[in-house]
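J.: missing the sequence, but the structure's below:
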């Protein structure tokens with residue numbers, strides 16, 4: 001993918017460098033290179049940085065896909081395939097924009113600075129270090145940043161995103177016997193790691209979504225009347241939630257509480273158990289070692305280290321109460337901070353005008369529940385405003401089976417990206 005992107009950009013006249021990052025920590029595996037590219041070098045034009053990623057989540061037909069996940073398939077004006085909306089489609093959208101300007105004979109309005117990585121789905125290994133090292137070199141003179149790696153809130157109304165939650169991801173390991181055991185022989189004789197693990201996991205969060213770790217909610221910034229008012233006019237219905245999930249398993253029965261739970265409050269999710277028997281059929285095994293994976297999505301004003309302290313303290317206390325002879329270890333796998341920007345910055349004003357020009361409506365200003373850690377890195381290191389300008393819809397199924405991107409969103413998305421570049425080229429530089 002990095003070579004493909006490089007080839008497409010070079011054909012369009014961009015200068016391109018594949019920046020190698022060395023080995024993945026603790027392995028002999030080469031990290032995928034970051035594609036650094038520039039299109040245009042006119043000192044009279046603004047330098048707009050765009051970011052995207054060319055890696056994707058895993059996908060197998062047997063997961064439940066209706067098509068080959070790695071062959072882009074058009075069905076009923078929808079493009080199905082892994083990465084169609086997250087994030088290969090939007091990345092190709094920037095290339096389409098350059099190509100369209102050339103074919104139409106229209107001068108490109110800005111100098112486009114591009115950063116496309118290949119490790120976003122695994123924590124962006126190596127990217128933060130590169131940004132810090134290149135902030136006064138490759139990224140020097142960047143005036144604003146635009147990231148196209150998120151989605152509309154629903155399915156009918158475009159949005160601009162000014163905030164995202166952070167994510168702290170943990171692994172809870174419980175180990176006992178030196179090898180897996182037969183439950184008919186050893187069941188009732190030994191302390192079983194999987195039983196211990198499920199007891200601990202069950203005490204992290206309630207079925208209603210309440211985080212049971214003491215002190216976490218005390219770290220959250222209070223809700224102000226001004227912030228609460230922002231939720232009143234957002235075009236989102238409970239039906240949008242039903243359509244996106246394919247169910248009515250909502251924890252809240254109104255839009256405002258649902259959106260606040262997604263955007264401005266922390267959540268805890270349990271993702272899976274490594275080492276437990278999960279194949280079809282019956283297997284009477286006692287696993288010798290199991291690892292539970294869970295994460296917390298974080299919001300202002302939660303800091304990762306303060307959260308770690310609360311998580312580790314609580315799990316150790318719960319473990320002590322079990323009185324188990326097994327061994328337990330809790331560790332952080334990776335984390336990323338939340339991000340909150342100013343939706344009245346000139347970068348956002350340009351995006352509002354572009355959205356109105358293409359979609360004939362004013363975009364909703366939203367926050368997002370997912371995490372894009374590089375957003376904060378770009379803002380902190382370059383000291384420039386960052387905008388999230390989505391292409392896809394809320395029902396695209398990113399990270400799920402049958403991921404798709406509607407053709408109308410793809411085509412109008414490219415138009416919006418292009419219009420944004422024209423508006424941001426001339427928008428007065430107000431705060």
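T.: Everything's here; your move. Predicted model only: the values in this text are computed from it and were never measured. Numbers count the residues shown, from 1 in each chain.
J.: can you map out the strands along the stretch 101-250 of the chain?
T.: 111-117, 144-147, 159-164, 166-175, 181-182 (DSSP state E, counting those that start in this stretch).
J.: and the gap between the closest residue to residue 95 other than its chain neighbours and residue 364?
T.: Once its chain neighbours are removed from consideration, residue 95 has its nearest residue in residue 8; the separation is 5.3 Å (CB to CB, 6 or more residues apart in numbering). Where C-beta positions appear, they are placed from N, C-alpha and C, glycine not excepted. Using CB to CB, to the nearest Å, one gets 32 Å for the distance from residue 8 to residue 364.
J.: over to residue 242?
T.: Counting by CB to CB, the gap from residue 242 to residue 364 is 19 Å.
J.: coming back round to it: angle of the helix or strand containing the residue nearest to residue 95 against strand 111-117?
T.: Assigned by DSSP states H and E, residue 8 belongs to helix 2-11. Computed by axes from the mean of the first three to the mean of the last three CA atoms, to 10 degrees, the angle separating helix 2-11 from strand 111-117 equals 170 degrees.
J.: name every strand pairing with whatever helix or strand comes next after helix 2-11 and say which way it goes.
T.: Stepping forward along the backbone from helix 2-11, the first helix or strand reached (DSSP H and E) is strand 15-19. Each strand pairing with strand 15-19, determined using DSSP bridges, is listed with its direction: strand 34-39 (antiparallel).
J.: how about the strands in the stretch 251-400 of the chain?
T.: Across the stretch 251-400 of the chain, reading from the start of the chain, the strands by DSSP E, counting those that start in this stretch fall at 267-274, 285-286, 289-298, 327-336, 339-340, 364-368, 386-388.
J.: distance to residue 171 added to those strands, as TSV?
T.: Output for those, formatted as TSV (distance: least, CB to CB, whole Å):
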stretch	distance to residue 171
strand 267-274	8
strand 285-286	21
strand 289-298	5
strand 327-336	5
strand 339-340	25
strand 364-368	25
strand 386-388	29
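J.: mind putting those strands in JSON lines, mean neighbour count included?
T.: Putting the strands of the stretch 251-400 of the chain into JSON lines (neighbours: other CB atoms under 10 Å) gives the following:
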{"stretch": "strand 267-274", "mean neighbour count": "15"}
{"stretch": "strand 285-286", "mean neighbour count": "18"}
{"stretch": "strand 289-298", "mean neighbour count": "21"}
{"stretch": "strand 327-336", "mean neighbour count": "16"}
{"stretch": "strand 339-340", "mean neighbour count": "22"}
{"stretch": "strand 364-368", "mean neighbour count": "22"}
{"stretch": "strand 386-388", "mean neighbour count": "26"}
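J.: what about residue 168, distance to residue 368?
T.: According to CB to CB, residue 168 and residue 368 sit 17 Å apart.
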